[in-house]
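Trainee: okay, here's the prediction I keep looking at, along with the sequence it came from:
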Amino acid sequence: MIFIMGISLLSACEEDNNTIVERKMKAEQLFRSVYGGDPAQIDSLVSHDVVSSYPIFEQLLGTKAIRGREALKNFAIGFGKRWKDAQVTFNEAIAEDNNVVLVWSFSAKRMTTTPDSSFIADQQYSWGGITLFQFDASGKITGEIGEESSPGPLKRIKK
C-alpha cells in the first residue's frame, strides 16, 4: 500500500511539474507572439475572453485593457507595424497553481517617426516589465496583467 501511494504521489508531482513547465512555455510563446507582432499563435494560447492590461494601454489605446482574443490579435498586428527587429529576453519565469509570472526585457526599432518625434524611425528603444499570466483549467491563458518601465526591473537594480 505504501509503495502504491508513493508511486501515485510521484506521478502527481511529475504531472504538476510538466503542467508548470508547459504553462511557462505558453506564457513566453504568447508574449513573443503579441510583442513580436506575429499573432499566429494567439488562437491556440488564449481563451476567447482573454483580458490583457498594462498601464500604457490607457495612453495608447484609451482603455485600461484589451478584451477578447480578436482584439488581442488586432493589437499584435498593430504592434508589429510600429516595431521591428524585436528582441525579447525572459529574465525569470515563476509558476504556481494557475499563474505564471515573467520578468522580461524588450528591445526593438521603431518603424516610423511619431508626429511628435517622441519615437524616431530606426532608432533602438528598450524597456522591461513584469507580467502575470493567468490560466484556466484547460490550459488557456485568460489574463495578462503587466507593469512596464524604462529601464526594466532588472536594469534598475543592477549597478
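Mentor: Good, I have the coordinates. Bear in mind the structure is a predicted one, so any value in this text is a computation, not a measurement.

Trainee: list the contacts of Glu147.
Mentor: Tyr54, Pro55, Gly129, Ile130, Thr131 (C-beta atoms under 8 Å, 6 or more residues apart in numbering). Glycine gets a C-beta too; all of them are placed from N, C-alpha and C.

Trainee: quick one: the strands in the chain?
Mentor: According to DSSP state E, the chain carries its strands in the segments 46-53, 66-67, 83-96, 99-110, 124-135, 141-149.

Trainee: can I get these in JSON lines including distance to Asn74?
Mentor: Output for these, formatted as JSON lines (distance: least, C-beta to C-beta, whole Å):
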{"stretch": "strand 46-53", "distance to Asn74": "12"}
{"stretch": "strand 66-67", "distance to Asn74": "8"}
{"stretch": "strand 83-96", "distance to Asn74": "15"}
{"stretch": "strand 99-110", "distance to Asn74": "19"}
{"stretch": "strand 124-135", "distance to Asn74": "19"}
{"stretch": "strand 141-149", "distance to Asn74": "15"}
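
Trainee: wait, which of those strands is closest to Asp38?
Mentor: Evaluated over those, closeness to Asp38 peaks at strand 83-96, with 9.3 Å, by C-beta to C-beta.

Trainee: switch the strands of the chain over to CSV; also include mean pLDDT.
Mentor: CSV is the format used below for the strands of the chain (pLDDT from 0 to 100):
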stretch, mean pLDDT
strand 46-53, 98
strand 66-67, 98
strand 83-96, 95
strand 99-110, 96
strand 124-135, 96
strand 141-149, 95
